[in-house]
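*Asks:* Any chance you can model this:
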Amino acid sequence: MTGASRAKWLDWPGLAVLGGAGLYFASFVRYGYNLGEDGDVVYLIYRTFSGHRPYLDFASGYTPGFFYFNAALFHVFGANLLVLRGALAAVNALAVFGLYRLGAAVMPPLPAAVPALAYVALMPVFAGECAMFNVPYPAWYVVLTWVTSTLAVVRFCAGAQVRWMAVAGLLVGVACAFKPNTGAFNLAALAMVLLCTSAARGTCWQRLLWWSLLAGVLGALAAVFHFQPATRDARLLLWPLFAIGLLRLVAPQRQLGTLSPRQFAAGATALVGGFAAVTLPWMLYYLAELGRERFLREVLFIGSGHELFFLLPIRDLGAGDAVLALGAVAFVIAGRALRRLEVAPRLVAVAAATLLSLAMAGILTLAPMPEGFSNAVVQRAQHVSFGAALIVHWAGVLVLARRFFTSTGAANMPTNAAIVALAVSAPCLYLSIYPRSDFFHWLLSAPVTLVLGMWCYWQVARTWLAGERWSRVAALPACAAVLILAAPNVLLATRLQLTPADDLAQLNLAHAPVVLEAGRRQRFDDLQRAVEFIRQNSEPHDTLLGFPNLHLVNFLSARQSPARYGYFHPGWPDHVLEAQIVNAIESRRTPLMILNRDPLLFMGHASLYYLLLRRYVQRNYEPAARFGSYDILRRRGAKRATVASQPTPTDVLAQIPADCAAALAAAERERSGRSIELSGCWRMGVSPALQGRAVLAARAAQDADGAWALADAVRAGTLAPGAMLPAVRVIGQQADARTAPVLVAARERLTGQARDELDTALFNVASRAFILRTLFVPRTEGEEEVRADPRIGAAALAWLAEGQSDLRLRFAGAWIAGVRADSAAEPGLRRLLAEPDVAMQAVAADALLRLGVADGVIEPLLAGLAYDEMFLPGAVLAWSQANPERARVVLAEAFRRGNDKQRETLAFIAGALGDRVLGETILGGITDPLPRVRIAAIWAAGVLHLEAARADIERAWRGDSVEQVRDFAQASLAWLGVGGEKSEARSRSET
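*Replies:* Numbers count the residues shown, from 1 in each chain. Next up is the predicted model:
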């Protein structure tokens, strides 16, 4: 790079973007933690740092380069969370700078800076919790490698030496070593850029290479969606790329560049060679270590079911998205019309500014924003982002089509290559949103889409405002939007830097010296005391299992997990892998477990799903300590705890400030975790504005006590109309069972949307309470209040009556009837048990068991095992525990007659029950044709110590064709070890 080109790259706007982004990210380095996400990623890095090997010693969806790179940082700078965050701040700042450089290749500095800074502004920051860009996901790193590799290809296409393609290939290899799917999409994108900037010309082998590369790229992209290009996901994600491929197929002799056949061949060879140089060594190593079957399943996820399990489709596109698309078309047409009419740019600018101002004023005045202006803007931006991305991608296709058929491709070559790179890279990187298409994954998949979208907008603005000078004014609305999105987080960062250290809550642990607002001190204290307890009551070589997603505690306490898996997303790991985890805990005699008593979001069903682990823990562990939301269990017979913790009951109504304004100011400043302190804001006469702000503060607190007080205010009717709807939503998110009677009373006075939201809140409360009873240490608080209120019992009977169609109320009614043991509800519960909805069947079965009803309950549950493994296995287990004699007969017959799924699940249930008589009836499963049934039966026989199965298990260990079956047979022989002597299999298993 020459001095002139270096100066162009490091111009002052670019340095300002780089410096501003770096300062922003650095200001959050010490801010909070995400208990689940931080823990899962950071702890696996720590395992690598400790000498464990990815895939071999622990399971992960990420590739080895990510773990070894970050483990190297630990080796150099120490095992500290801030080490990873400091490196990540630099990576993210460089990625933002790279996005700016990519935009600056086709736009002036101001519009080029907008998408780069929009990428920063859209990164989620949760006040009082964490900044998501601090979580060291591999995706942050591959955004940097993607952008830099794209810039390298643009430079090569502009006439630079072929070494730039080798650099691009190496960067793609690094991306694949961090996140394999994005690395593969990156390779496809760069190959497609080469194909668009060259033509199918030259010698025979050069033409063959061109056509082979095109066929390979399109075939590989189709393979991502299992060669089903007509599915909805394929239509939304793949078709823009297929359209670009079609352009090359119909016009192979045209090109948007000046690459000669020789340059194309050299570039393609360098790209693939650089990629292979990084990728082949580690892939061949793991292929040799894992074998073909495990390599395909665990490294490439072929046949694993991982994709379908985590599938979250792109939201349904509706009328709003159609209006957005029509608006984009109208924007283009209006620009062309203005130019033909030769309207003065100044007049256009003034008119546009006036219309935008009026539109903004109308929105602020008329639009309902129950959760505040900032939240409304963010939520609207997140909602429209999916439709906007599709519009941008198809706009890129149209731009390429127009240039293919109207341009010679030689003019302004650097700009032309950059436009091609944007149009191709945007939809390619966007493929990374599959299979989990929420907004966070949208952001990680759409950085280049932001640049392409801004370029399209700027191009149309030039037609509106006739030329460069006035078209730069068009960037101002986009700048304003970025400022609105970024303002809350920038203010938070500023407050953090200006607040004295003593006024912040600090986590005083060597591995994670992080801070939060003062109101979060209790959360830090609970975690710190739990970690210190674990360190004091275990040895460094002891293992520790956290459930459902407490890997962060493993990292903070420097205690390794006993198993390859330690992150329990319901269904992943599945019951087969769950049985492996039980084997590992038994083998390593794990002395302590730590449980989260308040699992949130998608982890909430974990205790319901993982019935094998739940039963094992309840039989072999007992409570040792409790710190806030953390329960610590110790293995029965292990050494006694040297530090005791006593929960301190508090009067939730004590010391509540009467002054709403003062309490609210403190809550907003300190991010208090106790919204009960805001109860003074729910009194009659408090201004609607203060109540609205107080509800937002309560939402951030996650306090069940505060949710109860808020529900009482809804019942009393003391909330302002504008605060009612968000208040009911907060209650639904946070309230526990004691709030149910209050909500039933409040329901009588609400109408319309507020009542509908309250019904959802009731359903959420009932669902949460139903699940909390399945925790390893069950929680039943609030049930006494439900039993004591006759009005809620009458409501439950009404909701269970024939003719009630609202499933939310029927679910809540079933739970209430079960808690109250109301025999009058039996007919309604039986109707619910016959429903096809498995969640309804589960709650109805639980209620009937609480009523003491056994007849006619198990049959629909057993039938449902043919297709459900989330809700019904636990219900079958509970019924069998209550009716052991009948269970032996019924479950044995169901195992004999059931399909593959039923036999597998019933074998696992037999092991979890601990019933040796029932276990003997499923021993035929050891020789079942289906490997998963063999695994379940072998595991159950081992756990139940069925000596009669030893010979069959040994045969499976020595000769089964499936490696996983052999592994389970080996572990079951360890369970069958006689006396104090360990069998050869047990010794090998522990090794």
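*Asks:* how about Trp442, what does it touch?
*Replies:* Listed by Cβ atoms under 8 Å, 6 or more residues apart in numbering, the contact partners of Trp442 are Gln382, Ser385, Phe386, Ala389, Ile433. Quick note: C-beta positions are derived from backbone N, CA and C, even for glycine.
*Asks:* mind checking which helix or strand the second one is in?
*Replies:* When you say that, I think you mean Ser385. Using DSSP states H and E, Ser385 sits in helix 373-406.
*Asks:* Quick check: next helix or strand after that helix?
*Replies:* Next in sequence after helix 373-406, counting helices and strands by DSSP H and E, comes helix 413-430.
*Asks:* what comes up buried for that next one?
*Replies:* Across helix 413-430, burial judged by 16 or more other Cβ atoms under 10 Å covers 413, 416-430.
*Asks:* Output the contacting helices and strands for that helix.
*Replies:* Applying 3 or more Cβ pairs under 8 Å, 6 or more residues apart in numbering; DSSP states H and E, one finds that helix 413-430 makes contact with helix 81-104, helix 138-157, helix 180-196, helix 239-250, helix 373-406, helix 447-465.
*Asks:* Please identify which of those helices is closest to Ala666.
*Replies:* helix 373-406 (20.3 Å; Cβ to Cβ).
*Asks:* Rounded mean pLDDT for that closest one, please.
*Replies:* On average, the pLDDT along helix 373-406 is 91.
*Asks:* what does stretch 261-280 give?
*Replies:* 96.
*Asks:* And it, how far out from the chain middle?
*Replies:* Mean C-alpha position of stretch 261-280 versus that of the full chain (Cα atoms, centre = their mean, to the nearest Å) differs by 34 Å.
*Asks:* Could I get the CA-only coordinates of it as PDB?
*Replies:* The C-alpha coordinates for stretch 261-280 follow below in PDB (Å, rounded to 0.1, in the frame of the first residue of the first chain):
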ATOM      1  CA  PRO A 261      -9.200 -15.000 -17.700                       C
ATOM      2  CA  ARG A 262      -5.600 -15.300 -16.400                       C
ATOM      3  CA  GLN A 263      -6.300 -12.900 -13.600                       C
ATOM      4  CA  PHE A 264      -9.500 -14.700 -12.700                       C
ATOM      5  CA  ALA A 265      -7.800 -18.100 -12.600                       C
ATOM      6  CA  ALA A 266      -5.000 -16.800 -10.500                       C
ATOM      7  CA  GLY A 267      -7.400 -15.000  -8.100                       C
ATOM      8  CA  ALA A 268      -9.700 -18.000  -7.700                       C
ATOM      9  CA  THR A 269      -6.700 -20.300  -7.100                       C
ATOM     10  CA  ALA A 270      -5.300 -17.900  -4.500                       C
ATOM     11  CA  LEU A 271      -8.600 -17.600  -2.800                       C
ATOM     12  CA  VAL A 272      -9.300 -21.300  -2.500                       C
ATOM     13  CA  GLY A 273      -5.600 -22.000  -1.700                       C
ATOM     14  CA  GLY A 274      -5.600 -19.500   1.200                       C
ATOM     15  CA  PHE A 275      -8.800 -20.900   2.500                       C
ATOM     16  CA  ALA A 276      -7.500 -24.500   2.300                       C
ATOM     17  CA  ALA A 277      -4.200 -23.600   4.000                       C
ATOM     18  CA  VAL A 278      -6.100 -22.600   7.100                       C
ATOM     19  CA  THR A 279      -9.000 -25.000   7.000                       C
ATOM     20  CA  LEU A 280      -7.600 -28.400   6.000                       C
END
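*Asks:* would Leu324 count as being in a strand?
*Replies:* No: assignment of Leu324 by DSSP: H, G, I helix; E, B strand; the rest coil gives helix, placing it outside any strand.
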